[in-house]
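Novice: Structure for the following, please:
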Amino acid sequence: MAPELEAMLDPTGRTVGEERTELAARPNDLRGSALGLLNNTKPNSGVLLEQVGALLQERYGVASLTVFSKSSFAIPADEVLLARIAEQCDVAIAGVGD
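Specialist: A predicted model of the protein is given here:
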């Protein structure tokens, strides 16, 4: 595979020459947590996230769910939205559709 194609398909979202960053710490337990669900606005993303959220509440004791939506699936979530999610939620899941 051509090097430029490999970089384009890199699932980590890094670009060539970019430094690696550490992943955020993961909680050991979801019980009592506030869960944020980020809908990317593609078809079925909301449906998928609602079902995942309900299962996490039922099976793992998530206390609350808040659904957030990007303005468009074609662009990254803006900094203001990401800050709101970080402020209001202990854990967040981004969903995709189609």
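Novice: Just give me the longest helix of the chain.
Specialist: helix 45-60 (DSSP state H).
Novice: Report the distance from the helix or strand just after that one to the chain centre.
Specialist: Reading on from helix 45-60 to the C-terminus, the next helix or strand found by DSSP states H and E is strand 64-69. The chain centre lies 11 Å from the centre of strand 64-69; the measure is CA atoms, centre = their mean, to the nearest Å.
Novice: and L49, how many neighbours does it have?
Specialist: 25 (other CB atoms under 10 Å). To be clear about C-beta, it is placed using only N, CA and C from the backbone, and glycine gets the same treatment.
Novice: same question, N39
Specialist: N39: 20 surrounding residues under other CB under 10 Å.
Novice: ok, it to S45 distance?
Specialist: Going from N39 to S45 by CB to CB, to the nearest Å gives 5 Å.
Novice: Overlap in contacts, these two.
Specialist: Shared contacts of N39 and S45, defined by CB atoms under 8 Å, 6 or more residues apart in numbering, comprise G95.
Novice: quick check: mean pLDDT across stretch 23-43?
Specialist: For stretch 23-43, mean pLDDT rounds to 91.
Novice: List the buried residues of that stretch.
Specialist: 30, 33, 35-42 (16 or more other CB atoms under 10 Å).
Novice: which one among these gets closest to A94?
Specialist: The shortest approach to A94 among the buried residues of stretch 23-43 belongs to L38, at 4.3 Å (CB to CB).
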